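**Student:** here are the coordinates; sequence isn't available:
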């Protein structure tokens, strides 16, 4: 069993924060200060603004070669999957991606640039799931859609998506739903088909870990109130917040794949990553964790040198897992 948790005091020392992240955090705080409160506008209006590139994150840059297909969701409606295939190398597996956005916002195409990069760096076809969003569709709707996408992939119903090597992952709410998908495949289907998980700044306790509860009002992408509102939309029954399929920090984590956890130390979800990585390792699973001093929530999306370095570490993890599988097969 491998453990690369790499905890040291330097990771939490403000003096170690890179200049690019200091500048990014100052810009994001100033941007939040001049914007209206997220919850002062209807959810649909915030979604539209985000789709038009008016949100706090960089505007969407759709990949010209991305393909969108549909499969049937558990509710009988079409479920969109966005596919990016490697241009510069042969496909050697598939990465099932689940986007972030607090289970309320976000879309698959917002992640095209990073998924294109991942496809070329690893040779993995990427499939991103446009799952149903809360509050219109509270849990378990999002998890049902992600599970349906995983089952379609495993059954060979997605053309051009190799299954010799399978990875899963996402950012924030997407990391949460990735773990939920792994748990449901294991418990409902008796299947543990994924060879790796890339889990970026996930929210694993919807009732709030200490770093979320103590973060306060000032936003650095998110604040305490935001996480509470997201959780309330996703799980309207507060008494169910810590049920294992809502908060997988409390689940049995045995027999899950090797995972790479990453988070910035200025992210209010820091404790979620620290706690989940420790529990992942304690359950007997191979575990890596990478912490970036001063990184805000999902700092990787902003194109900074520190963000690019974090993406490179995740890609190296996936390539190492592919190499390990090939070696185990005598390839």
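**Tutor:** Great, that's in hand. Quantities reported herein were computed from a predicted structural model and do not represent experimental measurements.
**Student:** For the rest of this, base every contact and every neighbour count on C-alpha atoms.
**Tutor:** Noted.
**Student:** Give me the pLDDT value at residue 15.
**Tutor:** Residue 15 is assigned a pLDDT of 88 by the prediction.
**Student:** Confirm that it sits in a strand.
**Tutor:** No. Residue 15: not assigned to a strand; according to DSSP: H, G, I helix; E, B strand; the rest coil it is helix.
**Student:** I'd like to know how many residues surround it.
**Tutor:** For residue 15, the count of nearby residues is 11 (other CA atoms under 10 Å).
**Student:** Check residue 237 too.
**Tutor:** Other residues close to residue 237 by other CA under 10 Å number 10.
**Student:** Could you report the distance from it to residue 102?
**Tutor:** 17 Å (CA to CA, to the nearest Å).
**Student:** Show the subsequent helix or strand relative to the helix or strand where residue 198 lies.
**Tutor:** For residue 198, the host element (DSSP states H and E) is strand 196-200. Under the assignment DSSP H and E, the closest C-terminal helix or strand after strand 196-200 is helix 210-213.
**Student:** Going by neighbour count, which residues in that next one are buried?
**Tutor:** With burial defined by 16 or more other CA atoms under 10 Å, the residues of helix 210-213 counted as buried are 211, 212, 213.
**Student:** Rounded mean pLDDT for it, please.
**Tutor:** Helix 210-213 comes out at a mean pLDDT of 98.
**Student:** So for the next helix or strand after that helix, what gets flagged as buried?
**Tutor:** Later in the chain than helix 210-213, the nearest helix or strand by DSSP H and E is helix 224-234. Using 16+ other CA under 10 Å as the test for burial, helix 224-234 gives 224, 225, 226, 227, 228, 230, 231, 232, 233, 234.
**Student:** Now do the helices in this protein.
**Tutor:** Along the chain, counting by DSSP state H, helices occupy 19-34, 43-51, 112-122, 141-154, 173-189, 210-213, 224-234, 270-282, 305-328.
**Student:** rewinding a little: against which helices or strands is the strand holding residue 198 packed?
**Tutor:** strand 166-171, helix 173-189, strand 259-264, helix 305-328 (3 or more CA pairs under 8 Å, 6 or more residues apart in numbering; DSSP states H and E).
**Student:** Which residues are in contact with the residue nearest to residue 60 when sequence neighbours are not counted?
**Tutor:** Nearest non-adjacent residue to residue 60, counting by CA to CA, 6 or more residues apart in numbering: residue 110, 4.8 Å away. Neighbouring residues of residue 110 by CA atoms under 8 Å, 6 or more residues apart in numbering: 59, 60, 61, 62.
**Student:** count of residues packed around the third one?
**Tutor:** The one in question is residue 61. Residue 61, neighbours per other CA under 10 Å, totals 12.
**Student:** Might one say that residue 127 is in contact with residue 82?
**Tutor:** Yes. Contact criterion CA atoms under 8 Å: residue 127 and residue 82 qualify, at 5.5 Å.
**Student:** So which of those two has more stuff around it?
**Tutor:** Shown here are residue 127 and residue 82; by other CA under 10 Å, residue 127 has more neighbours (29 against 20).
**Student:** For the closest residue to that one other than its chain neighbours, give the beta-bridge partners.
**Tutor:** Spatial nearest neighbour of residue 127, excluding adjacent residues (CA to CA, 6+ apart): residue 83 at 4.6 Å. Beta bridges link residue 83 to residue 67, residue 127, judged by DSSP bridges.
**Student:** Now do the same contact list for residue 83.
**Tutor:** With contact set as CA under 8 Å, 6+ apart, residue 83 has these partners: 66, 67, 68, 69, 125, 126, 127, 128.
**Student:** redo that, cut-off 10 Å
**Tutor:** 63, 65-69, 94-97, 108-109, 112, 115-116, 125-129, 158, 160-161 (CA atoms under 10 Å, 6 or more residues apart in numbering).
**Student:** Show the buried residues in those residues.
**Tutor:** 63, 94-97, 108-109, 112, 115-116, 125-129, 158, 161.
**Student:** Tell me how many other residues crowd residue 13.
**Tutor:** Applying other CA under 10 Å, I find that residue 13 has 12 neighbouring residues.
**Student:** My error: substitute residue 62 in the last question.
**Tutor:** Using other CA under 10 Å, residue 62 is surrounded by 13 other residues.
**Student:** That one and residue 68 touch, don't they?
**Tutor:** No. With contact defined as CA atoms under 10 Å, residue 62 does not reach residue 68; the gap is 11.5 Å.
**Student:** Overlap of the contact sets of the two?
**Tutor:** 108, 109.
**Student:** Which pLDDT value goes with residue 33?
**Tutor:** 93.
**Student:** how many other residues sit next to the residue lying closest to residue 89 once chain neighbours are set aside?
**Tutor:** Using CA to CA, 6+ apart and skipping the chain neighbours, the partner closest in space to residue 89 is residue 123 (6.2 Å). Other residues within reach of residue 123, judged by other CA under 10 Å, total 23.
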